[in-house]
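>>> how would this look folded up:
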Amino acid sequence: MPLQLRSLIRPDATLELSLAEVPQPVPATQDEVVLRMEAAPLNPSDLGLLFGGADMRQAQASGTAERPVITAPLSPGVMAAMAARVGESMPVGNEGAGTVIAGGASPAAQALLGRRVAALGGAMYAQFRAVPAAQCLPLPEGATAAQGASCFVNPLTALGMVDTMRREGHTALVHTVGASNLGQMLNRICLKDGVPLVNIVRQSAQAALLREQGAAHVVDSSSPDFQAELTEAIAATGATLAFDAIGGGKLAGQLLVAMEAAIARRPGQGYSRYGSDVHKQVYVYGSLDRGPIELARGFGMSWGVGGWLLFPFLQKVGPERVQQLKQRVADELTTTFASHYTKELTLAEALTLEAIASYGRMATGEKALIRL
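Numbers count the residues shown, from 1 in each chain. As a prediction, this is how the structure comes out:
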């Protein structure tokens, strides 16, 4: 029987990762297709469901090489937060690519038979997956599964950031993980579309990488002059919107302070005890730092910090706009939206302590792909 990666939180406060045998899927509706999966990325957005908040530093391995089992403990606080998951074996994997081997009777489903497609819909760490035809994106002729595996989450997130900027009346962006796969995509989009972008990185080598790719404004957060350099870059671009993948710590507050300081330099900007009346917004879309968000107030009263996620954004903009964004991804799959992987794993290899220690770090510039 086909295999599927499963994540289970047991009543004894233990996470269990394993490969489960599942029935071969068939089209359940006339609009559904069945994919023979070929590749699926391990995105940071997948790891929350996969690990369930468990302490993976204490993970232990058992089972066999072909059918490994990983277990890891959950703290009492995490266990309470995960109460709704206890006892439910959950499939994992937001996106992937494969070949359509069966389809329902609808024209849309039949048109995909034999096509290699990317798909979005969860449970992608599996050998076979049934999804609605509308959740598939036919890949260009000659495109590989690896090229198509990551063409939803990162590309649509990067496009969604630019779309959100325009919808909310901003004219430039700040992004806090500039050298990541997503960050490099966003840089290419902004260069192509003429959108000023401030890229924040954590190492000088990452800054050099982005500058080689044409980035005009790169700020290294490890620099002793980070705040001043960030303010200069924001002043040069006029950015009043930032997307932050770090989440916890001081960075969101530093962004707002830098935006306010840059606004204060504008001609005709007078003093007010309440700060400028220009709205400054930071959207947190990741949790690389799971600690509290620290805001050292120094940015007036016109500001906001909130959450931003891809799927609510797609629902908000509607199917017509989503189709336009998906089409752009397909048209620029091997250029603007190219993804790069540092490691490829089988399903079984993904459940080894060595692999988990690697992709679980969510390190910038390191991305793993599961080959199915």
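>>> residues in contact with residue 216?
Going by CB atoms under 8 Å, 6 or more residues apart in numbering, residue 216 touches 196, 197. For glycine as for every other residue, the C-beta is placed from the backbone atoms N, C-alpha and C.
>>> for the stretch 251-372 of the chain, what spans make up the strands?
280-284, 289-293, 303-307, 343-345, 368-371 (DSSP state E, counting those that start in this stretch).
>>> list the buried residues for the shortest one?
It stands for strand 343-345. Residues of strand 343-345 classed as buried: residue 345 (neighbour count, 16 or more other CB atoms under 10 Å).
>>> contact partners of it?
Contacts of strand 343-345 (CB under 8 Å, 6+ apart): 42, 146, 355, 358, 359, 366, 367, 368, 369, 370, 371.
>>> do the same with the first one
Residues lying outside strand 280-284 but in contact with it, judged by CB under 8 Å, 6+ apart, are 164, 168, 170, 240-245, 247, 252, 255-256, 259-260, 263, 293, 299-300, 302-308.
>>> mind listing which of the residues you listed are in helices?
Judged by DSSP state H, helices contain the following of the contacts of strand 280-284: 164, 252, 255, 256, 259, 260, 263.
>>> list just the nearest of those to residue 68.
Using CB to CB, the shortest approach to residue 68 within the ones in helices among the contacts of strand 280-284 belongs to residue 252, at 38.5 Å.
>>> the closest one contacts residue 244, correct?
Yes. With contact defined as CB atoms under 8 Å, residue 252 reaches residue 244; the gap is 5.7 Å.
>>> which of those two has more neighbours?
Under the neighbour definition other CB atoms under 10 Å, residue 252 and residue 244 were set side by side, and residue 244 has more, 25 against 22.
>>> which residues does that one contact?
176, 251, 252, 255, 282, 283, 284, 285, 286.
>>> hmm, try it at 6 Å
176, 252, 282, 284 (CB atoms under 6 Å, 6 or more residues apart in numbering).
>>> so can I have JSON lines of the residues you listed showing distance to residue 56 and pLDDT?
Compiled in JSON lines, the contacts of residue 244 are given as follows (distance: CB to CB, whole Å; pLDDT from 0 to 100):
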{"residue": "176", "distance to residue 56": "24", "pLDDT": "97"}
{"residue": "252", "distance to residue 56": "26", "pLDDT": "96"}
{"residue": "282", "distance to residue 56": "28", "pLDDT": "98"}
{"residue": "284", "distance to residue 56": "23", "pLDDT": "97"}
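>>> redo those as TSV? Include distance to residue 127.
Output for the contacts of residue 244, formatted as TSV (distance: CB to CB, whole Å):
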residue	distance to residue 127
176	36
252	41
282	41
284	35
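>>> nearest to residue 33, of the residues you listed?
residue 284 (35.2 Å).
>>> out of the strands of the stretch 251-372 of the chain, nearest to residue 98?
Residue 98 sits nearest to strand 368-371 of all the strands of the stretch 251-372 of the chain, at 11.1 Å, using CB to CB.
>>> select only the buried ones of the contacts of strand 280-284 in PyMOL?
The following PyMOL command selects only the buried members of those, with burial defined by 16+ other CB under 10 Å:
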select buried, resi 164+170+240+241+242+243+244+245+247+252+255+256+259+260+263+293+299+300+302+303+305+308
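>>> so what strands line up beside the longest strand seen in the chain?
Ranked by number of residues, the top strand in the chain under DSSP state E is strand 32-42. Take DSSP bridges as the rule and strand 32-42 pairs in its sheet with strand 95-103 (antiparallel), strand 128-132 (antiparallel), strand 368-371 (antiparallel).
>>> show residues contacting that strand.
Contact with strand 32-42 is made by 25, 93, 96-104, 109, 112, 119, 124-130, 132-133, 145-146, 149-150, 359, 368-372, as judged by CB under 6 Å, 6+ apart.
>>> now the buried members of those.
25, 93, 96-100, 102-104, 109, 112, 119, 124-130, 132-133, 145-146, 149-150, 359, 368-372.
>>> so where's this structure uncertain?
When residues are selected by pLDDT under 70, none of them lie in the chain.
>>> let me see the domain layout of it.
3-150+340-371, 154-312 (automatic domain parsing).
>>> break down the stretch 1-150 of the chain into its strands, ranges please.
3-10, 14-21, 32-42, 60-63, 68-73, 90-91, 95-103, 116-120, 128-132, 136-138.
>>> got the contact list for the last one?
Right, the one you point to is strand 136-138. 112, 115, 117, 118, 119, 326, 330.
>>> what's the closest of the residues you listed to residue 9?
residue 119 (26.3 Å).
>>> in the sheet, who's paired with that closest one?
residue 96, residue 136.
>>> my read: it touches residue 133, true?
No. Taking contacts as CB atoms under 6 Å, residue 119 lies outside contact range of residue 133: 9.6 Å.
>>> list the contacts for residue 145?
With CB under 6 Å, 6+ apart, residue 145 has these contacts: 38, 39, 97.
>>> where's the closest residue to the first one other than its chain neighbours relative to residue 98, distance?
Going back to what we said before, that points to residue 38. Spatial nearest neighbour of residue 38, excluding adjacent residues (CB to CB, 6 or more residues apart in numbering): residue 145 at 3.6 Å. From residue 145 across to residue 98, the span is 6 Å (CB to CB, to the nearest Å).
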